[in-house]
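[1] the following comprises the amino acid sequence and a computationally predicted model.
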Amino acid sequence: MRQLIRWTARLYPAAWRERYGEEFYALVEDSQPQWQDPFHVLLGALRMRMTTWNSLKIVTAVALAGALVAGVFAFRTQDRYVSTAVMRFTPVGPADGDRQVALNRLQQAANQVLSRDKALRIQLVQTQGGGASAFVISGEYPDRLKAQAAVRELVARLTAVQTLEILDPPSLPQRPLSPNRPTMVGAGLLGGALLGLLAMLAWRGRRSGTLHSQKT
Amino acid sequence: MSDPTLLVLASLADGEKHGYAMMEDIQRFANVRLGPGTLYGAITRLEQRGWIRPVGADDRRRPYSITGAGREYLQAQLTSLDQVVKTASRRLKHA
C-alpha cells in the first residue's frame, strides 16, 4: 500500500514533489496507510495539476482524453457494409391494369425474405413521370460479402416471380458505411475541449469564490 | 467539522508539529483521520496563503507553525462557528 501511494504521488507536479516530496514520503512511512489513501493522493495530484496548469494545457488535456475515449469506442464499434441493387419493371412488363397484381406478387416474395432478415430494405424510387417503377434493394451487414450475397438472394427471389430489369447488380462494398471513425474522434476531441473549458471555468470560479470568502 | 484547513490550523494553534504529529493530533481531538494526500493538500494551500510556515532546517519530518494571519483566520472562523453553535443550541432548547 505504501508503495502504491508513493507511485501515485509521482503524479503531483514536479515543483510540488521538489518542495514537499521528502516530507510527504516520511509521513507515508510513519503513518498506517488505509485503502482509500491512494485514491485521495490521486485526487490531490489532479487538483494540484489543475491549479498549476494554464488554461490551454487543461483544455488540451481534457480534449485529448475525449478523443481517446471516442477513439476506443470508434474502434470497438463494428464495421457496417451496405450493398445495393437497382431494379425496375421491364418496358414490356405488365400493363398498367396488371401492375398492381404484379406488385402484390413481388410484395409477398419480398416479405418472405424481409421478415427473416431485418437488415434488408426495399425503397421505391420516384421516376420523372411521378410513378414508382424502379426500386432500390439494400442490405447492411458487418461483412461486405454477406451484404452482397443477401441482396443478391433477394434480387434472385424477386426476378423468379416477376420479369424485372436489373439496372445495377448487387454491389460489393469496398468501404464500410459506418462507423465514421475520424468524425467520431473529432467529435470526442471537440466534446472534450468543451468539457475541459466548462470544468476549468467551474474550477476557477469555485476557487476564486472560496478565496474571496476566506479573505472577507 | 471536517474542513482539513481548519483542522490543521487548530492542530498548530498550540505549537509547531510535523505531518505525522498533526495527523495523530487531529485524530485525537476531532476524531477525523486525514490521509497523507488530504493532509498535504491542506498544508500546501495553507502555506501558499501564508497561514502556516515551515520551521527549522530541511528535515524529512519538517515541522510547521501557524502565522499571525493564520491565527487571525482561525479566530474568525471559530467566532463564526461559535455563533452557529450558540444559535443552534438556543433554538434546540426552545423547540
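    On my side now, so go ahead. Residues are numbered from 1 along each chain as shown, chains lettered A, B, ... in the order given.
[2] for stretch B:67-87, what does the pLDDT average out to?
    On average, the pLDDT along stretch B:67-87 is 93.
[3] ditto for stretch B:4-20
    93.
[4] wait, A:Ile58 sits on A:Ala193?
    No: using CB atoms under 8 Å, A:Ile58 is not in contact with A:Ala193; the gap is 10.2 Å. Heads up, the C-betas are built off the backbone N, CA and C, glycines and all.
[5] so the host helix or strand of B:Val85, near chain A or not?
    B:Val85 is located in helix B:68-94, with elements delineated by DSSP states H and E. Yes: against chain A, helix B:68-94 shows contacts by CB under 8 Å from any CB of the partner chain at B:Tyr73.
[6] name the helices or strands packed onto that helix?
    helix B:4-12 (3 or more CB pairs under 8 Å, 6 or more residues apart in numbering or on different chains; DSSP states H and E).
[7] dump the helix it packs on to CSV, keeping only the CA atoms.
    Provided in CSV are the C-alpha atoms of helix B:4-12 (Å, rounded to 0.1, in the frame of the first residue of the first chain):
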residue,chain,number,x,y,z
PRO,B,4,-8.9,19.9,6.6
THR,B,5,-7.5,23.5,6.5
LEU,B,6,-9.3,24.4,9.8
LEU,B,7,-8.3,21.1,11.4
VAL,B,8,-4.6,21.8,10.5
LEU,B,9,-4.7,25.3,11.8
ALA,B,10,-6.4,24.1,15.0
SER,B,11,-3.7,21.5,15.4
LEU,B,12,-0.9,24.1,15.0
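[8] how about the residues of chain B that lie near chain A?
    B:18-20, B:23, B:33, B:35-41, B:43-44, B:49, B:59-62, B:73.
[9] cutoff 6 Å now
    By CB under 6 Å from any CB of the partner chain, the residues of chain B that approach chain A are B:Gly19, B:Tyr20, B:Gly35, B:Pro36, B:Gly37, B:Thr38, B:Tyr40, B:Gly41, B:Arg60, B:Arg61, B:Arg62.
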